[in-house]
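**Q** Starting from these lines, generate the structure:
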Amino acid sequence: MNDKERFKGYKKNVIKKLKKFNVRVWSDITIKTNQGLFEGVILPRSETSPDGYVVLKLITGYNIGIDIENIIEMKETGFKEAHYKIPESDFPVDENKPYVTLLGTGGTIASRLDYRTGAVIPAFSPGELYGAVPELADIANLKTIKLFGVFSENMGPEQWIGTANAIGEEVKNGVDGIVIGHGTDTMHHTAGILSFMVQDSPVPIIMVGSQRSSDRPSSDAAFNLRSAVYAAAHGDIAEVMVCMFGPTSEKYNLLHRGTRVRKMHSSTRNTFRTIGDVPVAMVTPEKLTHIHKDVKLRRKDKKIKIDTLYNDKVAMVYYYPDMKPDIIESLIDNNYKGIVIAGTGLGHVNKPLYEPLKLARKKGIVVFMTVQTLWGFTQMYVYDTGRDLMDYGVVPVENMIPEVAYVKLGWVLGHTSDRDKVIEMMLTPIAGEITEREPENGYLIFQGGTPEISKFLKNNLR
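**A** Numbering: from 1, shown residues only. Have a look, this model is predicted:
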């Protein structure tokens, strides 16, 4: 084994340290540092990564970087070069099973390790997915189409429109359900816009991702994918929905309506929550159970409405104390056509913003108010501040989530620039983005440490 194979991806300073202790990439290793003892497997590094760090996959499955300046001793305890390429074989076809199309946008539902870079890359062909999650063949016949290969923060109008059009084509071709693999960071934005661009679908449209990549023992990827494919293939709810963990373990997934869902935690596996309502359903790889009473049901026809008009000159502004007028003025100067504000309380901003908001009205810019509390309704008529803002042309949008109001406004402005029509379309519910009221169990945030929650956790989490 030459040095290139022995020290994949590492540079001279790290290689010198590895040689000193006679260890290799892919070694099972114990590393003693001035910050403690670490055990795991040394992984390859990206060719473009900076020098000076060893990447270690801990026995917990997490990857960490260790500064070589902190290393006191390294001891190799075993070695087995990993082959992360997922075995690939033909996905079996059973004419008695439903047909599901998986559209890929860049999320790593199933993954393998790239030898060259040391990065996790997606496995996406039917054969790769079958090798990674063979149970999928028990659920449906799977077809995959790779639409994009982008991180979710790079999803935008171009990708939204492309995804909507692809959904339309697959439905017209007779597919029984659609699954969309997507990164979790902006999944709720895409779910929101697809709810407006894709209307009256006869089949389920299920968005799915994973909080933890499939090279980690704690990955939620396989269970999420199996549940999503089941919901798409056998579920009777024909809406745009997000399928992710319900609890923090593999008990069940929740299906969240595309216009009422939001990512609420940066790392936990049950990060997605339905806001101001209850989830649509519970789903496992074997069963779907309705929760919401008001749902659109699967149909046998192939009729679907794809409407991808969109104006990207829309901004979302999160209000904060002492916000300066130039924030709004800059949007006016740059010819934005619509603004969504996430205001405090019932929908408020400070007085210095009044003049630029008046100017925005004169310039034909439509401004809508949501609440940064996320839960609850925008009620601007309660206090003088809200009533003043409405006099200056700011329009409250009931209990629409800020991100949903943002994408809907872009979609509405793609259809009309007439102020009255824009307001009418924004306030007319299309896909559950505005509800008549918040149900009594639509707002649940537990606080650790309180006696009631401590008792609940003790009795239910064992």
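**Q** tell me, what residue is most central in the chain?
**A** Thr184 (2.3 Å; CA atoms, centre = their mean).
**Q** what stretches of this protein score poorly on pLDDT?
**A** Low-confidence segments of the chain (pLDDT under 70): 1-6, 8-9, 46-50, 61, 81-89, 107-128, 131, 213-217, 462.
**Q** Mind giving me the packing neighbours of the longest strand seen in it?
**A** The longest strand of the chain (DSSP state E) is strand 71-79. Of the remaining helices and strands, those touching strand 71-79 by 3 or more CB pairs under 8 Å, 6 or more residues apart in numbering; DSSP states H and E are helix 12-20, strand 27-33. Bear in mind the C-beta positions are built from the backbone N, C-alpha and C, glycine included.
**Q** Relative to that strand, what are the paired strands and their orientations?
**A** Here strand 71-79 has these sheet partners by DSSP bridges: strand 27-33 (antiparallel).
**Q** and the partner strand, how far out from the chain's middle?
**A** Relative to its chain's centre, strand 27-33 lies at 35 Å (CA atoms, centre = their mean, to the nearest Å).
**Q** got the angle for it vs helix 12-20?
**A** 100 degrees (axes from the mean of the first three to the mean of the last three CA atoms, to 10 degrees).
**Q** And the closest residue in space to His348 that isn't next to it in sequence, how far from Gly345?
**A** Residue nearest to His348 in three dimensions, not counting chain neighbours: Thr385, with 4.7 Å by CB to CB, 6 or more residues apart in numbering. From Thr385 across to Gly345, the span is 9 Å (CB to CB, to the nearest Å).
**Q** So between the two, which is more surrounded?
**A** Counted by other CB atoms under 10 Å, Thr385 and Gly345 do not tie: Thr385 has more neighbours, with 19 against 16.
**Q** which residue ranges form the helices in the protein?
**A** Secondary structure of the chain (DSSP state H): helices located at 3-6, 12-20, 126-132, 157-172, 187-197, 221-234, 326-333, 354-362, 384-391, 402-413, 419-426, 451-460.
**Q** Tell me which of those helices lies nearest to Gly209.
**A** For the helices of the chain, proximity to Gly209 was assessed by CB to CB; helix 187-197 is nearest, at 5.6 Å.
**Q** Now render the helices of the chain as a markdown table, adding distance to Pro44.
**A** A markdown table is the format used below for the helices of the chain (distance: least, CB to CB, whole Å):
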| stretch | distance to Pro44 |
| --- | --- |
| helix 3-6 | 10 |
| helix 12-20 | 11 |
| helix 126-132 | 20 |
| helix 157-172 | 30 |
| helix 187-197 | 29 |
| helix 221-234 | 21 |
| helix 326-333 | 45 |
| helix 354-362 | 52 |
| helix 384-391 | 55 |
| helix 402-413 | 37 |
| helix 419-426 | 50 |
| helix 451-460 | 41 |
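**Q** Out of those, the one nearest Met74 is which?
**A** Closest to Met74 of those is helix 12-20 (CB to CB; 7.4 Å).
**Q** just checking, what packs against the closest one?
**A** Contacts defined by 3+ CB pairs under 8 Å, 6+ apart place helix 12-20 against strand 53-58, strand 71-79.
**Q** want to throw those strands into CSV with mean neighbour count and distance to Lys300?
**A** Output for the helices and strands packed on helix 12-20, formatted as CSV (neighbours: other CB atoms under 10 Å; distance: least, CB to CB, whole Å):
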stretch, mean neighbour count, distance to Lys300
strand 53-58, 19, 48
strand 71-79, 14, 57
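**Q** Next, format those as JSON lines and append distance to His415.
**A** Converted to JSON lines, those look like this (distance: least, CB to CB, whole Å):
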{"stretch": "strand 53-58", "distance to His415": "49"}
{"stretch": "strand 71-79", "distance to His415": "61"}
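**Q** closest to Thr289 out of those strands?
**A** Nearest to Thr289, of all the helices and strands packed on helix 12-20, is strand 53-58, at 36.7 Å by CB to CB.
**Q** one step back: of all the helices and strands packed on helix 12-20, which one is nearest His234?
**A** His234 sits nearest to strand 53-58 of all the helices and strands packed on helix 12-20, at 36.4 Å, using CB to CB.
**Q** in its sheet, what does that closest one sit against?
**A** Applying DSSP bridges, strand 53-58 is found paired with strand 36-42 (antiparallel), strand 63-67 (antiparallel).
**Q** how far out from the middle of the chain is it?
**A** 27 Å.
**Q** Now it - C-alpha only, PDB.
**A** Output of strand 53-58 as PDB, limited to C-alpha atoms (Å, rounded to 0.1, in the frame of the first residue of the first chain):
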ATOM      1  CA  TYR A  53      -7.100  18.000  11.000                       C
ATOM      2  CA  VAL A  54      -7.900  14.300  11.300                       C
ATOM      3  CA  VAL A  55     -11.500  13.300  10.600                       C
ATOM      4  CA  LEU A  56     -12.800  10.700  13.000                       C
ATOM      5  CA  LYS A  57     -16.100   8.800  12.800                       C
ATOM      6  CA  LEU A  58     -16.900   8.100  16.400                       C
END
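**Q** if we can go back for a sec, what's the closest of the helices of the chain to Leu374?
**A** helix 402-413 (7.6 Å).
**Q** can you list contacts of that closest one?
**A** Helix 402-413 has contacts (CB atoms under 8 Å, 6 or more residues apart in numbering) with 157, 160, 188-189, 192-193, 196-197, 259-260, 262, 307, 309-316, 318, 337-338, 340, 342, 366, 368, 370-372, 374, 397, 400, 422, 425-426, 430, 433.
**Q** Can you turn the buried part of those into a ChimeraX selection?
**A** ChimeraX command restricting the contacts of helix 402-413 to the buried ones, with burial defined by 16 or more other CB atoms under 10 Å:
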select :157,160,188,189,192,193,196,197,259,260,262,310,311,314,315,316,337,338,340,342,366,368,370,371,374,397,400,422,425,426,433
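**Q** Can you tell me which of the contacts of helix 402-413 end up in strands?
**A** Judged by DSSP E, strands contain the following of these: 262, 314-316, 318, 338, 340, 342, 366, 368, 370-371.
**Q** can you name the two of those residues that are farthest apart?
**A** Greatest spacing in the ones in strands among the contacts of helix 402-413, by CB to CB: Arg262 and Val366 (23.5 Å).
**Q** Distance to Met241 added to the strands paired with strand 53-58, as a markdown table?
**A** Putting those into a markdown table (distance: least, CB to CB, whole Å) gives the following:
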| stretch | distance to Met241 |
| --- | --- |
| strand 36-42 | 37 |
| strand 63-67 | 31 |
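**Q** ranking the ones you listed by burial, who's on top?
**A** Comparing the strands paired with strand 53-58 by mean neighbour count (mean count of other CB atoms under 10 Å), strand 36-42 ranks first with a mean of 17.
**Q** Show the contacting residues for Asn224.
**A** Going by CB under 8 Å, 6+ apart, Asn224 touches 109, 208-210, 243-245, 253.
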